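>>> need a structure here:
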Amino acid sequence: MQPAASETVVWRDDGMPASPRFDDVYRSRGTAGDAGLAQARHVFLGGCGLLAGEQPAAWADAPCWQILETGFGLGLNFLATWHAWRADPARPQRLFYSAVEAWPPEAAHILRSAAPFAELAPLAQELASRWHGLLPGLHRLEFESGRVQLTLAIGDAQPMLGELTGQFDSIYLDGFSPSHNPDMWSLHTMKAVARLARRGAWAASWCVAGEVRERLTSCGFAVERVPGLPPKRHALRARFDPHWEPKTRAQAPLALPTAEAPRRCAIIGGGLAGASCAYSLARRGWQVTVLDQAIEPATGASGLPAGVVAPHVSPDDRPLSRLTRAGVRATLARARALLREGMEFAATGVLERHAPGERRLPAEWPSAADSAATRANTYSASAPETFEKAREASAPLDDTHLALWHAEAGWVRPAALVRAMLATPGITWQGGQAVERLEATIEGWQALGPDGSTLAEAELVILTAGFGSRALLGSASSKDADASTLPLNPLRGQVAFGPMPSDAADHAALPAFPVNGHGSLISHVPTLDGPIWVTGATFERGNARAELHETDHAHNRQRLAELLPTASAAVDVQWIDGRARSWSGVRATLPDRLPAVGAWSRASASTDPLAPHLCTGLGARGLTLAVLSGEILASWLHGEPLPVERNLAERLRAERFLT
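Below is the predicted model of the structure:
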């Protein structure tokens, strides 16, 4: 039986935070009071050479810097590092901070922990505002317009270190005392840390126990004791420099050195997937050209009037469920950074209705971080908020009619997001460019038009043209990477939309948040012609033509009546007088319902810089998965920490379809 969320942190009479689970304090009390921030700076930042002073910090002028922490705790080391990064004019362009934590505290404890340190207060507020939905697995939180990226690995240290990726430059060995939490300091944990360390990386800790020093030494660290911060006499500092060549896992299809000069990339496809890849690469210094046969961006499936952004839920928490949770966080973060809330997106939450007898909520959540606060922030089947939202939507909720409330979800206008991402410096849009085939060159690739003219040249090409990616891949594939093995299929979908009712009662009958399940309804969506509602969508496999069908129009009307009878009645006249119109688009799907991301080459040739790359097969969840997929692809290319678990990212590799 797990302790309740309130038992994760208790505050002693002297103001120090403690863990009743491990019977230990989160930080020590120094002679001058709370020594938490001083310890973070002296032991961890100082021990890893990250404090600018008479000598430049170790990260000075680096394009990126990767830090690993074995115990996030209340986040004080992260906040201190973030503050030091802000204050250093020679700071690295991008900071990746990855941390493991089995028992994440509530946001209120993070704020209380940082309260004694005024310089950390605004940073703690930003961290607390993103502190939600921390179920077991990896969670990527972005700050400073994406220049500071925090990857939280929620779960026990050993397995979660195995799910992290990257080559870390600095390592904070933190956690409760070895006598209270021996697993954190075990030989297996130290080996997992060593596998993630870059040769020459510095590690630091307050713990100088003999067995810890011996384990680090056996893992390839040169260990020394250095002066500690009173009342502790010593601290630990270690440099990873094994006398053997460490085994490394393949990190990236291209494995570009992060210090290498920016390259050129041609992306074929101007929808969500293409814009997401372009944005992620442009932020890393690439010069990106996006080509599409349409004159304007987002004229294909990404031209949907508005779409729901919500996670998939399954009793076994399958890969698609974990992937979409990460995708929702990534998409809404990107929307908040680039779009106008309430106009082009809204994080309203989403009510997910289930058919009678259908069960989506797991019978039991995984053990780590299973707190009432965490669960309510993600989805809840029985919390009062679920009943309130169901009442607002006039949706029955009882033992037969079940529902989930996704607090962190909402709607987005895809075309607005596409245009905003393509406006990023470093991205060039080339509309009206029908790419017929790809041709390899000595330096990379040429995108050729129907008349054989060169439309673009680049070292890297990424195909994001939905179902059309397969034909283009065929023109670029080799004997060992035949495009015919990519089982990409078209999926036509149709939605209906119309103006919000003018009658006050009918207007109020449409909920202020999306409702989905078997069909969906998004209402109160602002447009230049006034607010609209959107409902759908249909699924027609094997049809690659974005045509409109009257039968689908009628089907969407029927599904809305089943999903929300009261809302359906409020707009029913619009189906009769023609104000309810239709829109259709074609998505691309793959048999396992997961996208294909990365190099189209066999594992043995995954470092081939000429391999074409893919980001396609996102199906009906393109709005949820595109931003995340673009980040995964860019992280692979640069050997950066991935925003999702290693085993989850591996399931997305395009090469999985090569036989």
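>>> do you know how far the residue lying closest to residue 617 once chain neighbours are set aside is from residue 485?
Take residue 617 and drop its neighbours on the chain: the residue closest to it by C-beta to C-beta, 6 or more residues apart in numbering is residue 590, 3.9 Å away. The way it works is simple: take the backbone N, C-alpha and C, and place the C-beta from them, glycine included. Counting by C-beta to C-beta, to the nearest Å, the separation of residue 590 from residue 485 is 12 Å.
>>> Overlap in contacts, those two.
Counting by C-beta atoms under 8 Å, 6 or more residues apart in numbering, the contacts common to residue 590 and residue 485 are residue 657.
>>> More neighbours: those two, which one.
residue 590 (19 against 11; other C-beta atoms under 10 Å).
>>> show me the residues around the more buried one that make contact.
487-489, 596, 617, 619, 657.
>>> So which residues of the stretch 251-400 of the chain form helices?
Along the stretch 251-400 of the chain, counting by DSSP state H, counting those that start in this stretch, helices occupy 272-282, 319-338, 372-378, 384-392.
>>> my bad, should have said the stretch 501-650 of the chain
For the stretch 501-650 of the chain, applying DSSP H, counting those that start in this stretch gives helices covering 504-509, 550-563, 565-577, 622-638, 646-650.
>>> contact partners of the first one?
Applying C-beta under 8 Å, 6+ apart, the external contacts of helix 504-509 come out as 394, 500-501, 566-567, 569-571.
>>> for the last one, same thing?
Outside helix 646-650, the residues within contact range by C-beta under 8 Å, 6+ apart are 137-138, 162-165, 319, 322-323, 632, 636, 642.
>>> so what are the domain limits for this structure?
5-240, 264-300+415-487+590-657, 345-405+490-589 (automatic domain parsing).
>>> just how off-centre is stretch 487-502 within its chain?
Chain-centre distance of stretch 487-502: 26 Å, with C-alpha atoms, centre = their mean, to the nearest Å.
>>> Please disregard the earlier target; I meant stretch 625-632.
With C-alpha atoms, centre = their mean, you get 7 Å for stretch 625-632.
>>> do stretch 62-69 as well
Between the mean C-alpha location of stretch 62-69 and the chain-wide mean there is a distance of 18 Å, by C-alpha atoms, centre = their mean.
>>> Render the CA-only coordinates of that stretch in CSV, please.
The C-alpha atoms that make up stretch 62-69 are tabulated as CSV, following Å, rounded to 0.1, in the frame of the first residue of the first chain:
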residue,chain,number,x,y,z
ALA,A,62,29.0,25.4,-25.7
PRO,A,63,26.2,24.9,-28.3
CYS,A,64,24.4,22.7,-25.7
TRP,A,65,25.1,21.2,-22.3
GLN,A,66,23.6,18.0,-20.8
ILE,A,67,23.2,17.5,-17.1
LEU,A,68,22.0,14.4,-15.3
GLU,A,69,20.6,14.2,-11.8
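>>> one step back: which among the contacts of helix 646-650 gets closest to residue 301?
Each of these was scored against residue 301 by C-beta to C-beta, and residue 323 proved nearest at 19.0 Å.
>>> Number of residues surrounding the residue lying closest to that closest one once chain neighbours are set aside?
Nearest-residue entry for residue 323: residue 648, 6.2 Å, with adjacent residues in sequence omitted and distances by C-beta to C-beta, 6+ apart. Other residues near residue 648 number 20, with proximity taken as other C-beta under 10 Å.
>>> Confirm for me that residue 150 is in contact with residue 144.
No. Contact criterion C-beta atoms under 8 Å: residue 150 and residue 144 do not qualify, at 10.6 Å.
>>> neighbour count winner among those two?
Between residue 150 and residue 144, residue 150 has the larger neighbour count (other C-beta under 10 Å), namely 23 against 14.
>>> Let me know whether my guess that that one is in a strand holds.
Yes. Assessed with DSSP: H, G, I helix; E, B strand; the rest coil, residue 150 lies in a strand.
>>> Excluding chain neighbours, what is closest to it?
That would be residue 141: by C-beta to C-beta, 6+ apart, it lies 4.4 Å from residue 150.
>>> Which pLDDT value does the model give that neighbour?
Note on residue 141: pLDDT of 97.
>>> Test of understanding: give the bridge partners of residue 203.
Counting by DSSP bridges, residue 203 is bridged to residue 171, residue 238.
>>> Show me what the one helix or strand the residue nearest to residue 150 maps to pairs with in its sheet, parallel or antiparallel.
Using DSSP states H and E, residue 141 sits within strand 137-143. With DSSP bridges as the test, strand 137-143 is paired with strand 148-154 (antiparallel).
>>> All the strands of the stretch 401-550 of the chain, residue numbers only.
403-406, 410-412, 427-430, 437-440, 445-448, 454-458, 460-463, 489-499, 515-517, 519-525, 532-536, 540-541 (DSSP state E, counting those that start in this stretch).
>>> Least reliable of these by average pLDDT, please.
Among those, strand 403-406 scores lowest, with a mean of 90.
>>> tell me the pLDDT at the residue sitting furthest away from the middle of the chain?
What lies farthest from the middle of the chain is residue 577; by C-alpha atoms, centre = their mean that is 43.0 Å. For residue 577, the pLDDT comes out at 95.
>>> Then the one 5 residues further on?
We have a pLDDT of 97 for residue 582.
>>> hey, which helix or strand in this structure has the poorest pLDDT?
Ranking every helix and strand in the chain by mean pLDDT, DSSP states H and E puts helix 372-378 at the bottom, with a mean of 35.
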